[in-house]
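below are the sequence and a predicted model for it; my questions follow.
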Number of protein chains: 2
Amino acid sequence: MSQSLLPSVKGIRLASVPAGLRDWQRDDLLLVEIDQGAAVSAVFTQNPFCAAPVVVAREHLLRGRVRALLVNAGNANAATGARGLSDARACCAAVAKALAVRPEQVLPFSTGVIGEQLPLQKLLDAIPPAAAQLCHRGWDRAAQAILTTDTRAKTASRTLEANGERITVAGIAKGAGMIQPNMATMLAYVATDAAIARPLLDTLLNEAVGASFNRICVDGDTSTNDACVLIATGAAGRPVKTPGGAGYSALRQAITEVHIALAQAIVQDGEGASKFVTLQVAEAESPEEALRVAFAVGRSPLVKTALYASDPNWGRLVMAIGNGIQGGLDTRRVHITLDGVPVVKAGCRAPDYREAQGAAVFAKAAFTIRIALGRGHCSEHIWTCDFSHGYVTINAEYRS
Amino acid sequence: MSQSLLPSVKGIRLASVPAGLRDWQRDDLLLVEIDQGAAVSAVFTQNPFCAAPVVVAREHLLRGRVRALLVNAGNANAATGARGLSDARACCAAVAKALAVRPEQVLPFSTGVIGEQLPLQKLLDAIPPAAAQLCHRGWDRAAQAILTTDTRAKTASRTLEANGERITVAGIAKGAGMIQPNMATMLAYVATDAAIARPLLDTLLNEAVGASFNRICVDGDTSTNDACVLIATGAAGRPVKTPGGAGYSALRQAITEVHIALAQAIVQDGEGASKFVTLQVAEAESPEEALRVAFAVGRSPLVKTALYASDPNWGRLVMAIGNGIQGGLDTRRVHITLDGVPVVKAGCRAPDYREAQGAAVFAKAAFTIRIALGRGHCSEHIWTCDFSHGYVTINAEYRS
């Protein structure tokens, strides 16, 4: 992941301000203005107990050409009923007034504590000053403004030449806990100045999310507020209209890479996490089976505490693999390697394996566990982290 | 749960010995002899990566009238391949020789570290002395011998009069982590001197397990070695042959109560646990939906750390409820009470709810969270515990 300064994206202006939404001294409100003519795609949490801003953003995305995003940290505006919905709409109206657009052209997003009403007046008061500060160079400050329990900002970008034009793809994300996106994501915003119309932009977003945010797991809980937005302003470059068009594959790769870098950054900043682990599941009967096994391993508290302890307790891996399988499993076909070191062969400890080899891998800050099921030809991978005292401390003390 | 001395069960003799299976000074091998003519039912883990003794016990249960159980702690004999199977069979042969029965009349069970070969010779050496010590009063010592990370023994019993006969039901269990039995259980052994033939005994076991071990969750991981055995020796009382027969309902209730007491004892001794929580889910569309929501809440690391912190963070409850629902949910119909205190009404904070009320409930050692979904007429409940620094410590240090 690039921690360097993000490049600006033609057609996008940003402003971050301190709205005082919690008892803290920091930016906690982000306003993003999008030029006329841009295409915007978004995916949202599949949790049916979704937050008010998710409901409103879904509605607005169907109705109008999106011209602005409003993101607040510190309060999720989730489980807040009719008042939560009306507050989210009031925020959109205030942004619409400040930017001279229609309210349904504004998408609202919130992240923070669930179950508290928004401090609406503070948001309304902060919107006009934010509108006055919009600038193209606001990306890095924006990446800070949207954080909650995150310990660092998450940013990624790529630049490329396509059709003889210089194209930029830049993105920011937040998220550290309540992470196992389910066909959706944490908060993430990616923009490019390439010209890509919907529904092609939707296709690109779905592909990128499938390869990134849908393959991470911190604690297995899916948030009420997840959202991922992809914006193509069209301010640079001729339109990309079809998958076969010139420059498409380079642009697609850049968009996917930015999403993957942001998703990996969320896992690397997982609450209390000290390890970044790639779980590869190969020789599965189907991609679904491979992912089911990968998430069964990646979610297992027993596997995650072993990762934390740098204890190559592979017995817990086989336990968790079994829990990800539906129906029977010929365990004699299962092989596991740790950064290439064979630890399980034919369902048992590999004959040449020595505990010191596994311990050396598990002591690394980042490594790969590869599980071959011997059932088919499908492979998938996810990224996950360990489960530490830090996770318990952070989540036992979050509201206090 | 009764911590008092267990009564003996006519037709069952037990012996516990220190076989030195790990570096500890304690009983770690249990031998149970069952009188001729007894009926034995058992259910096993649904994890397809099941242990060698599970494979052998399933085979033997199909083939012969069971006359003995052999249980070792400290080594799970799981992921041990062909040698694990042959070791389990060798143990059965040794027991058969010592008790003058056939090897297929012996069921083997193991619990402990996964992925290490059994120290077979130590087991074989310990079996004859165990056979020499068999006695009717061995229940309490047996409850100690089968423990691993458990901090206390788990025992339960009931006595009743049926058909004018005095009947005893006694049981022991072990388990503290890797607990979310999946149509199966942790290690549990329940015996009665009532006379109940199979398949009626199978029905009683399935009912009892459904009401007990299939409704608990410590960490959501399903073990490779779970097993629950119900023995009816028939040494007291006339046979119970049909569900309608005299004394059936009292016996059924006693058997179920013993299973529930043992299952609750496992949760109360959950690794690092400080809270015992009953999760009731009401007004679900189906029993399956109620249980899915209950386990989504009971498994959530964010809910469990809030329980640990005595923080009535009900926002995490609604997040987890959403994750247990398939398809849409009208959140305006969701109500939650904490030991009867309304905290969520119509999907939002209850108007009269004060945080101090929730905090007072969450500070208790045992309490009930009731979730009404407003979707139907089905109710289910499970028992779970919190997620503490103790859990991380225990599982980060288990093998060291």
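Everything's here; your move.

nearest residue to residue A:262 in space, please, no chain neighbours.
residue A:173 (3.9 Å; Cβ to Cβ, 6 or more residues apart in numbering or on different chains). Glycine gets a C-beta too; all of them are placed from N, C-alpha and C.

and what of residue A:334?
Per Cβ to Cβ, 6+ apart, closest to residue A:334 is residue A:347, 4.9 Å.

on that earlier part again, distance of the residue nearest to residue A:262 from chain B?
Distance, residue A:173 to chain B, by Cβ to the nearest Cβ, to the nearest Å: 19 Å.

residue contacts, that residue?
For residue A:173, the contacting residues are A:154, A:185-189, A:262-263, A:265-266, by Cβ atoms under 8 Å, 6 or more residues apart in numbering or on different chains.

look up the pLDDT of it for me, please.
For residue A:173, the pLDDT comes out at 88.

quick check on it: phi, psi?
phi -150, psi 160 (degrees, to the nearest 10).

what do you get for residue A:323?
The phi/psi pair for residue A:323 (degrees, to the nearest 10) is phi -70, psi -20.

and for it, the neighbour number?
Per other Cβ atoms under 10 Å in any protein chain shown, the neighbour tally for residue A:323 reads 26.

roughly how far does residue A:107 sit from chain B?
For residue A:107 relative to chain B (Cβ to the nearest Cβ), the value is 21 Å.

spatially, what comes nearest to that residue if we skip its sequence neighbours?
Of all residues not flanking residue A:107 in the chain, residue A:57 sits nearest, at 4.3 Å (Cβ to Cβ, 6+ apart).

which SSE is that neighbour in?
Per DSSP states H and E, residue A:57 falls inside helix A:52-63.

for that helix, give me every contacting residue.
A:40, A:42, A:44-45, A:66, A:77-78, A:80, A:84-85, A:87-89, A:92, A:103-110, A:224-225, A:227.

helix/strand/coil for the residue in the stretch 201-350 of chain A that chain B sits nearest to?
Per Cβ to the nearest Cβ, residue A:315 is where the stretch 201-350 of chain A lies closest to chain B, at 2.5 Å. Of the three states, residue A:315 takes helix under DSSP: H, G, I helix; E, B strand; the rest coil.

need phi/psi at residue A:351.
Torsion angles at residue A:351 (phi, psi; degrees, to the nearest 10) stand at phi -60, psi -40.

circling back: and the residue nearest to residue A:262, how far from residue A:24?
20 Å (Cβ to Cβ, to the nearest Å).

swap in residue A:250?
Taking Cβ to Cβ as the measure, residue A:250 falls 41 Å from residue A:24.

same deal with residue A:47?
To residue A:24, residue A:47 is 26 Å away according to Cβ to Cβ.

what do you get for residue A:268?
Residue A:268 is 23 Å from residue A:24, where distance means Cβ to Cβ.

of those two, who's got more company?
More neighbours surround residue A:268 than the other of residue A:268 and residue A:24, with 20 against 11 (other Cβ under 10 Å).

verify the contact between the more buried one and residue A:386 for me.
No: between residue A:268 and residue A:386 there is no contact, the gap being 11.5 Å when judged by Cβ atoms under 8 Å.

the residue nearest to residue A:334: neighbouring residues, count only.
Residue A:347 has 24 neighbours, counted by other Cβ under 10 Å.

next one: whichever strand or helix holds residue A:384 to chain centre, how far?
Using DSSP H and E, residue A:384 falls within strand A:378-385. Taking Cα atoms, centre = their mean, to the nearest Å, the mean C-alpha location of strand A:378-385 is offset from the chain mean by 15 Å.

how about the nearest residue to residue A:364, chain neighbours excluded?
With Cβ to Cβ, 6+ apart, the residue lying closest to residue A:364 is residue A:339, at 7.4 Å.

the one you found and residue A:312: what is the separation?
From residue A:339 over to residue A:312 the distance is 11 Å, taken as Cβ to Cβ.

distance of residue A:274 from residue A:46?
Separation of residue A:274 from residue A:46 (Cβ to Cβ): 29 Å.

what residues are up against the residue at the greatest distance from the centre of chain A?
Relative to the centre of chain A, the most outlying C-alpha is that of residue A:351, 40.1 Å out, by Cα atoms, centre = their mean. Residues near residue A:351 by Cβ under 8 Å, 6+ apart: residue A:345.

on that earlier part again, was I right to think the residue nearest to residue A:364 contacts residue A:368?
Yes: contact status for residue A:339 versus residue A:368: in contact at 5.6 Å, counting by Cβ under 8 Å.

follow-up on the earlier one: pull out the buried positions in the helix holding residue A:57.
With burial defined by 16 or more other Cβ atoms under 10 Å in any protein chain shown, the residues of helix A:52-63 counted as buried are A:52-61.

show me where the stretch 201-350 of chain A has its helices.
All helices of the stretch 201-350 of chain A, identified by DSSP state H, counting those that start in this stretch, fall at A:248-268, A:287-299, A:301-308, A:314-324.

can you list the domain ranges for chain A.
Here the domain parsing of chain A from automatic domain parsing is A:12-268, A:276-396.

worst average pLDDT in those?
Lowest mean pLDDT within those: domain A:12-268, at a mean of 87.

quick check: phi and psi on the residue of the stretch 1-150 of chain A found nearest chain B?
At 2.6 Å from chain B, residue A:114 is the closest residue in the stretch 1-150 of chain A, using Cβ to the nearest Cβ. The phi/psi pair for residue A:114 (degrees, to the nearest 10) reads phi -90, psi 140.

ditto for residue A:192
Backbone torsions for residue A:192, taken as degrees, to the nearest 10, come to phi -140, psi 150.

residue A:9 is in contact with that one, correct?
Yes: with contact defined as Cβ under 8 Å, residue A:192 counts as touching residue A:9 (6.4 Å).

neighbour count winner among those two?
For residue A:192 versus residue A:9, neighbours defined as other Cβ under 10 Å are more numerous around residue A:192 (35 against 27).

for that one, which residues are in contact?
A:9, A:167-170, A:230-233, A:251, A:254-255.

check the gap between it and chain B for me.
Counting by Cβ to the nearest Cβ, the gap from residue A:192 to chain B is 32 Å.

just grab the bridge partners of that residue for me.
Listed by DSSP bridges, the beta-bridge partners for residue A:192 are residue A:169, residue A:232.

now the one 4 residues further on
Each beta-bridge partner of residue A:196 is listed here, defined by DSSP bridges: residue A:240.

burial count for it?
Residues near residue A:196, counting by other Cβ under 10 Å, number 28.

now do residue A:344
Per other Cβ under 10 Å, the neighbour tally for residue A:344 reads 25.

nearest spatial neighbour of it, chain-adjacent residues omitted?
That would be residue A:336: by Cβ to Cβ, 6+ apart, it lies 3.8 Å from residue A:344.

separation between the one you found and residue B:84?
Counting by Cβ to Cβ, the separation of residue A:336 from residue B:84 is 17 Å.

higher neighbour count, the two?
For residue A:336 versus residue B:84, neighbours defined as other Cβ under 10 Å are more numerous around residue B:84 (27 against 23).

and that one, which helix or strand is it part of?
helix B:81-99.

between the two ends of stretch A:98-109, how far is it?
End-to-end distance for stretch A:98-109: 18 Å, by Cα to Cα, to the nearest Å.

cool, stretch A:380-390 as well?
For stretch A:380-390, the end-to-end distance is 29 Å (Cα to Cα).

now the helix holding residue A:57, how far from the chain's geometric center?
The chain centre lies 19 Å from the centre of helix A:52-63; the measure is Cα atoms, centre = their mean.

now do stretch A:197-217
Stretch A:197-217 has its average C-alpha position 11 Å from the chain's average C-alpha position, going by Cα atoms, centre = their mean.

hey, C-alpha coordinates of it in CSV?
Listed next in CSV are the C-alpha coordinates belonging to stretch A:197-217 (Å, rounded to 0.1, in the frame of the first residue of the first chain):
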residue,chain,number,x,y,z
ALA,A,197,-20.2,5.2,-18.2
ARG,A,198,-22.5,2.9,-16.2
PRO,A,199,-23.3,0.1,-16.4
LEU,A,200,-19.7,-0.7,-17.3
LEU,A,201,-18.6,1.2,-14.1
ASP,A,202,-20.8,-1.0,-12.1
THR,A,203,-19.2,-4.1,-13.6
LEU,A,204,-15.7,-2.7,-12.8
LEU,A,205,-16.7,-2.0,-9.2
ASN,A,206,-18.2,-5.4,-8.7
GLU,A,207,-15.1,-7.1,-10.1
ALA,A,208,-12.8,-4.9,-8.0
VAL,A,209,-14.9,-5.4,-4.8
GLY,A,210,-15.0,-9.2,-5.4
ALA,A,211,-11.2,-9.2,-5.6
SER,A,212,-10.6,-7.0,-2.6
PHE,A,213,-13.1,-6.1,0.1
ASN,A,214,-15.0,-9.3,-0.2
ARG,A,215,-11.8,-11.2,0.6
ILE,A,216,-10.9,-9.8,3.9
CYS,A,217,-11.9,-10.7,7.4
